[in-house]
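>>> my questions concern the predicted model and sequence given below.
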Amino acid sequence: MPKLKILEFPDPRLRTKATPVDEVNDDLRALIDDMFETMYDAPGIGLAATQVDYHQRLLVADVSVDKDDPHVLINPEILEKDGVTVTDEGCLSVPGFYEEVERAEHIRVRYLDRNGTELELDVHGLLAVCIQHEMDHLDGKLFVDYLSEAKRTRIRKKLEKERRLQADEVA
Ligand code: GNR
Ligand code: NI
């Protein structure tokens, strides 16, 4: 299975609002498998389709230590949220930067699984944080949007400089 290329901030494609999946078919399941491979390889605990330039409402996550608890959420909707938790968040699309973000500690989410079956799940802790982070991606939002403009600009400039240096190395 091919690994997918992950878009990096400030790539404007990360600002795309994803549209609902209308059919859970074998093509979508092949993409899901590629997304898991890409996420585990990175390594990361979650990946939204937006990050691999596929603009449909689909995310994968696995926050387990042994990487044996994969979740696929298609067309996810948050039904309830409560509590507050602060997490040092990172993002595969903002490599190397970690900042505290406040999210709901508990969510109840409705979604389709990889068979197209509608499910509801109560989620707490890191998985709840991860699902909220991934659902933001599906709306074109990044964790850096919760930071001050000064911090976001500093991160953008550092990533742009790194990218220029990488381009020079190849030239
Ligand atoms: O790998 C990831 N770690 C992480 C840590 C704290 C809060 C959210 C995340 S998600 C991130 C992978 C990613 O960028 N998903 O979109
Ligand atoms: Ni992310």
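Looks like it came in fine. Ligands and ions are numbered 1, 2, ... in the order given.
>>> show me what contacts the closest residue to Val24 other than its chain neighbours?
Closest residue in space to Val24, ignoring its immediate chain neighbours: Gly116 at 3.6 Å, by CB to CB, 6 or more residues apart in numbering. Any C-beta I mention is one placed from the backbone N, CA and C, and that applies to glycine too. Shown in contact with Gly116 (CB atoms under 8 Å, 6 or more residues apart in numbering): Glu23, Val24, Ile74.
>>> now those residues: which count as buried?
Taking 16 or more other CB atoms under 10 Å as the criterion, what is buried in the contacts of Gly116 is Val24, Ile74.
>>> nearest to ligand 1: which residue in the protein?
Closest to ligand 1 within the chain is Gly44: 3.1 Å, counting by CB to the nearest ligand atom.
>>> how about that residue, what does it touch?
Contact analysis of Gly44 by CB under 8 Å, 6+ apart lists Leu92.
>>> tell me the SS of it?
Classification of Gly44 using DSSP: H, G, I helix; E, B strand; the rest coil returns coil.
>>> do Leu127 as well
Assignment for Leu127 (three-state DSSP): helix.
>>> wait, doesn't it sit right on His71?
Yes: using CB atoms under 8 Å, Leu127 is in contact with His71, at 7.4 Å.
>>> okay, and the common contacts of those two?
Residues touching both Leu127 and His71 (CB under 8 Å, 6+ apart) are Ala61.
>>> touching the helix ranked longest in the chain from outside, list them.
Looking across the chain with DSSP state H, the single longest helix is helix 149-170. With CB under 8 Å, 6+ apart as the test, helix 149-170 has contacts from Glu8, Phe9, Pro10, Val94, Pro95, Phe97, Glu99, Val144, Asp145, Leu147.
>>> which residue packs closest to Gly140, ignoring adjacent ones?
Take Gly140 and drop its neighbours on the chain: the residue closest to it by CB to CB, 6+ apart is Arg15, 4.2 Å away.
>>> tell me the contacts of Gln56?
Shown in contact with Gln56 (CB under 8 Å, 6+ apart): Ala18, Thr19, Pro20, Val21, Leu28, Ala49.
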